[in-house]
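Engineer: Show me the folded form of this:
(one chain, ligands or ions: 2)
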Amino acid sequence: MKDIYEIAVVHGDGIGPEVCAATIEVVKAALGPDSPLRFCEYPAGAEHFLKTGQSFPEPTFQACRAADAILHGAGGLPGVVHPDGTEAGLDFTLKLRFELDLYANIRPIRLFEGVESPLRGVKAGDIDYIILRENSEGLYAARGSGALLRGEVAVDTLVQTRTGIERIVRKAFELARQSTGAPRDGVRRVTCCDKANVLRSYAFFRSVFDEVAKDYPDVATEYALVDAMAMHLVLKPGHFNVIVSENMFGDILSDLAAATVGGMGMAPSAEIGDANGFFQAAHGSAPDIAGKGIANPYGTILSAASMLDWLGHKHADAKLNQAAERIRSVTEACLAGGLLSADLKGSASTRQITHSVCDRLAAAA
Ligand code: IPM
Ligand code: MN
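Structural biologist: Ligands and ions are numbered 1, 2, ... in the order given. Here you go, the predicted model:
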């Protein structure tokens, strides 16, 4: 247990500052006046790049590395790009992932009471699984190092290592063990999502998956090719418990999955390595609605609950886990009570949601 936990905060771009500020208020309300968390803000992102020519200043990186946890709003603005065409506002997220080796990107997909799914006939609780996205290699490992020859040939290489696959697959089995299984049948199950029928790198992923699976005979296993997976997530989402996949596939499936539970605003995420933890919603910076006060803060709030859980477990500090639990149950109650932002077909503003969540947390304290 620590007396003080330093949280490095980067607000980022678009709606980033709005959802980040909302979340900090919520965390403060959950922990009360004796909160051991200290939030320190640092600059990074597309806006900062436009102002200074730097998307991710070195002091911000050092502060993030040294902090107990990192909280981010969202990054990136369309058109703010490097000479190679890639977005400058994404440097923060991507550099943290690779430099701090945040290999496990944990993305819970859950349909809450009060939130409407575009899928017919599903109700709260019917969708409740985790996409475990490998976050440190795969196709994204080529970022910044792919070849561009004569303005004519472009190459990015997909990288899969035994160590990288082993640790993410092991994490998938651990998460399945801790869970209550798939909603439809209660079976603890890890689905290996790949494209092993076409590419060697994915066949390798699957073979390492098989090796690791032997250590978890109590957890059911199956394979799903990623193209079929896109269909399964729509047609039988209740079947899934934990899905493990390569970086790029995990990115794509995350958005599809989020759509089934209310959209990107309802997609929290936790990016974890052996030493550091980075917490942000899976959504982007939504510049089209930035500054209007209507952004959905639930994804970031739920990501912060994961941050408290991670810190609480890491430092054996139960009060952080209790605060995480309070945030989750209050969030659930607010959604069930109809406190919905515009993306959820409601009319509550970011402020209204934040105030209601905080009021309920104060009442629960
Ligand atoms: C995500 C985002 C990121 C990604 C961006 C912001 C770099 O889409 O976390 O899913 O592509 O991984
Ligand atoms: Mn994404």
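Engineer: and Gln352, what is it in contact with?
Structural biologist: Leu339 (C-beta atoms under 8 Å, 6 or more residues apart in numbering). (C-beta placed from N, C-alpha, C; glycine too.)
Engineer: so what's the closest residue to ligand 1 within the chain closest to, chain neighbours aside?
Structural biologist: Residue of the chain nearest ligand 1, by C-beta to the nearest ligand atom: Leu90 (4.0 Å). Spatially, and ignoring its direct neighbours in sequence, Leu90 is nearest to Gly76 (5.2 Å; C-beta to C-beta, 6 or more residues apart in numbering).
Engineer: Equivalent analysis for Ala286, please.
Structural biologist: Ile15 (4.7 Å).
Engineer: Surely the one you found and Gly76 touch.
Structural biologist: No: using C-beta atoms under 8 Å, Ile15 makes no contact with Gly76, being 11.2 Å away.
Engineer: can you pull the pLDDT of the residue nearest to Ala286?
Structural biologist: Listed pLDDT for Ile15 reads 98.
Engineer: Pull the number of nearby residues for it.
Structural biologist: 31 (other C-beta atoms under 10 Å).
Engineer: ok, now Gly53?
Structural biologist: Gly53 - counted by other C-beta under 10 Å - has 8 other residues nearby.
Engineer: next one: the one 5 residues further on
Structural biologist: Around Glu58 there are 8 other residues, counting by other C-beta under 10 Å.
Engineer: for Ser35, same thing?
Structural biologist: Neighbours of Ser35 (other C-beta under 10 Å): 17.
Engineer: Phi first, then psi, for it.
Structural biologist: The phi/psi pair for Ser35 (degrees, to the nearest 10) reads phi -50, psi 130.
Engineer: measure it to Leu311 for me?
Structural biologist: 12 Å (C-beta to C-beta, to the nearest Å).
Engineer: what ranges do the helices span in the protein?
Structural biologist: Taking DSSP state H as the test, the helices found in the chain are 16-31, 46-52, 58-66, 91-99, 162-178, 200-213, 226-235, 247-260, 298-314, 318-336, 350-364.
Engineer: Does Ile353 touch Cys334 like I think?
Structural biologist: Yes: Ile353 is within contact range of Cys334, at 6.8 Å (criterion: C-beta under 8 Å).
Engineer: Return the residues of the chain in contact with ligand 1.
Structural biologist: Gly76, Leu90, Thr93, Leu94, Asp251, Ser254, Ala282 (C-beta under 6 Å from any ligand atom).
Engineer: Excluding sequence neighbours, find me the nearest residue to the third one.
Structural biologist: This means Thr93. Here the residue nearest Thr93, using C-beta to C-beta, 6+ apart, is Gly75, at 5.8 Å.
Engineer: and the one you found, how many neighbours does it have?
Structural biologist: 31.
Engineer: which residues touch it?
Structural biologist: Contacts of Gly75 by C-beta under 8 Å, 6+ apart are 10, 12-13, 16, 44-46, 89-93, 284-285.
Engineer: Now do the same for Ser35: its pLDDT.
Structural biologist: Confidence for Ser35, expressed as pLDDT, is 97.
Engineer: excluding its backbone neighbours, what's nearest it?
Structural biologist: For Ser35, the spatially nearest residue (C-beta to C-beta, 6+ apart) is Lys28, at 6.0 Å.
Engineer: what stretches of the stretch 101-250 of the chain score poorly on pLDDT?
Structural biologist: For the stretch 101-250 of the chain, no stretch has pLDDT under 70.
Engineer: Might you calculate how far stretch 132-143 sits from the centre of the chain?
Structural biologist: Stretch 132-143 sits 14 Å away from the centroid of its parent chain (C-alpha atoms, centre = their mean, to the nearest Å).
Engineer: what's that stretch in contact with?
Structural biologist: Taking C-beta under 8 Å, 6+ apart as the rule, stretch 132-143 contacts 86, 94, 97-98, 101-107, 156-161, 164-165, 168, 171-172, 175, 242-251, 254, 271, 273.
Engineer: Show me what counts as buried in that stretch.
Structural biologist: Buried residues in stretch 132-143, counted by 16 or more other C-beta atoms under 10 Å: Leu132, Arg133, Glu134, Asn135, Ser136, Glu137, Gly138, Leu139, Tyr140, Ala141, Ala142, Arg143.
Engineer: Report the two of these separated the most.
Structural biologist: Spatial extent of the buried residues of stretch 132-143 (C-beta to C-beta) is set by the pair Leu132 and Ala142 at 21.2 Å.
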